[in-house]
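A.B. asks: structure, please.
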Amino acid sequence: MIEARVPVPFAPTLATRDSLGTDLLRLGLTTGDTVLLHSSLRSLGFVVGGVVAVVHALLDVLGPEGTLVVPTMTADNCDPSRWAAPGKSAVPQAWWPTIREHLPAFDAERTPSVMMGAIAEAVRNWPGAIRSAHAQSSLTALGPAAARLTADHRLDCHLGPNSPLGRLAADDRARILLLGVGYDVCTAFHLGEYRWSGNDLRDYECVIAEAGRRRWYRYRDVRLNDSDFGRLGAALDAEADRHSVRRGLVAAADCRLLPFTTAVDFATTWFELNRPSRPLHGPPQSPPQSPPENA
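C.D. replies: Take a look at the predicted model:
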């Protein structure tokens, strides 16, 4: 008989679907909530059943009336000259023409997310999940509000009013759960950037499918910058009680749960007070030229 040898990394905490549910309830998550989740599977410790058990635990607590939303972004769907950003590996410049010619078009059903974590990917692949159509900044939702939240995600609006974030902002029950991650990845703050009077514009490009053919698409949108989100979050934590920020452990993960609208409103005000009165990156770029020819 051949025995299975399963590598089990040491973790200080052992969690199960049930114990995770208990911890989430203790943190304040409730049945019927709509929650935008940012997460780190590793932060939880050892979970019996792994990522599937984590998603089940979240859905157990939210119940049939609740909706789970996760970022499923594809920041690598861009010109390779921009791949030298933090978290990405630059490729030789000699490769750029070939990459430009062959980079696949975004496919909402098949294109995996990039650097969003194992839990977000599991939700993206969960039966019944619906993903928004943005080729770079999609979000995926699971639950009765999923179709409404993900519909009509305009390509010229990464994370603004015409995105799932804009619809979450209109939901009084919407909340943010930071599961083992910090404010530096809090996507809701980007909606505050759209409302900030000093926001800047830049040109973006991505590969889309149109009439069965792939082509580069170029558009203009707000220049997103998360470099100060950690400081913003620290300021929010300093007024945690006032802004209904709840903090606690889920298994081994340090977590925060807060109202979505609180995060956006606080971020907007904080940007006005703490970011330069002029855009961080200078004046807007020149208007985009015609998109490259279909490839």
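A.B. asks: got a list of what the residue nearest the centre of the chain touches?
C.D. replies: The residue lying closest to the centre of the chain (C-alpha atoms, centre = their mean) is P71, at 2.8 Å. Shown in contact with P71 (C-beta atoms under 8 Å, 6 or more residues apart in numbering): H38, S113, M116, A120, S137, S138, L139, T187. (Each C-beta comes from the backbone N, C-alpha and C, glycine too.)
A.B. asks: that one and T140, how far apart?
C.D. replies: Distance, P71 to T140, by C-beta to C-beta, to the nearest Å: 8 Å.
A.B. asks: what residues are shared contacts of the two?
C.D. replies: Jointly contacting P71 and T140 under the rule C-beta under 8 Å, 6+ apart are A120.
A.B. asks: returning to what we had before: tell me the pLDDT at the residue nearest to the centre of the chain?
C.D. replies: pLDDT, P71: 98.
A.B. asks: quick check: closest non-adjacent residue to S244.
C.D. replies: Once flanking residues are discounted, S244 sits nearest to P259: 5.7 Å by C-beta to C-beta, 6 or more residues apart in numbering.
A.B. asks: what is the burial count for that neighbour?
C.D. replies: 18 (other C-beta atoms under 10 Å).
A.B. asks: state the distance from it to R148.
C.D. replies: Using C-beta to C-beta, P259 is found at 19 Å from R148.
A.B. asks: who's in contact with V114?
C.D. replies: M73, T74, A75, D76.
A.B. asks: could you dump the residues you listed to CSV with secondary structure, neighbour count and distance to W96?
C.D. replies: Listed next are the contacts of V114 as CSV, based on DSSP: H, G, I helix; E, B strand; the rest coil; neighbours: other C-beta atoms under 10 Å; distance: C-beta to C-beta, whole Å:
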residue, secondary structure, neighbour count, distance to W96
M73, coil, 21, 22
T74, coil, 22, 18
A75, coil, 17, 17
D76, coil, 16, 14
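A.B. asks: out of the residues you listed, who's nearest P144?
C.D. replies: Nearest to P144 among the contacts of V114: M73, at 23.6 Å, using C-beta to C-beta.
A.B. asks: neighbours of the residue nearest to that closest one when sequence neighbours are not counted, how many?
C.D. replies: Excluding the flanking residues, the one nearest M73 by C-beta to C-beta, 6+ apart is S137, at 5.2 Å. S137 sits with 27 neighbouring residues when counted by other C-beta under 10 Å.
A.B. asks: can you give me the buried ones in stretch 30-45?
C.D. replies: Buried residues in stretch 30-45, counted by 16 or more other C-beta atoms under 10 Å: 30, 33-41, 43-45.
A.B. asks: and the residue nearest to M73, its phi and psi?
C.D. replies: S137 adopts backbone torsions of phi -130, psi 50, taken as degrees, to the nearest 10.
A.B. asks: who touches it in this structure?
C.D. replies: P71, M73, H153, H158, L159, S163.
A.B. asks: which non-adjacent residue is nearest D23?
C.D. replies: By the measure of C-beta to C-beta, 6+ apart, the closest residue to D23 outside its immediate chain neighbours is V250, 4.2 Å from it.
A.B. asks: er, S81 I mean
C.D. replies: Nearest residue to S81, sequence neighbours excluded (C-beta to C-beta, 6+ apart): W96, at 6.3 Å.
A.B. asks: try L41
C.D. replies: A118 (4.5 Å).
A.B. asks: check H153 too.
C.D. replies: S132 (3.7 Å).
A.B. asks: in CSV, could you pull the C-alpha coordinates for stretch 21-32?
C.D. replies: The C-alpha coordinates for stretch 21-32 follow below in CSV (Å, rounded to 0.1, in the frame of the first residue of the first chain):
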residue,chain,number,x,y,z
GLY,A,21,-17.2,30.9,10.9
THR,A,22,-17.2,31.4,14.6
ASP,A,23,-14.3,33.9,14.4
LEU,A,24,-16.0,35.8,11.5
LEU,A,25,-19.2,36.1,13.5
ARG,A,26,-17.2,37.3,16.6
LEU,A,27,-15.5,40.0,14.4
GLY,A,28,-19.0,41.3,13.4
LEU,A,29,-19.7,39.8,10.0
THR,A,30,-23.4,39.0,9.8
THR,A,31,-26.0,37.2,7.7
GLY,A,32,-27.1,39.3,4.7
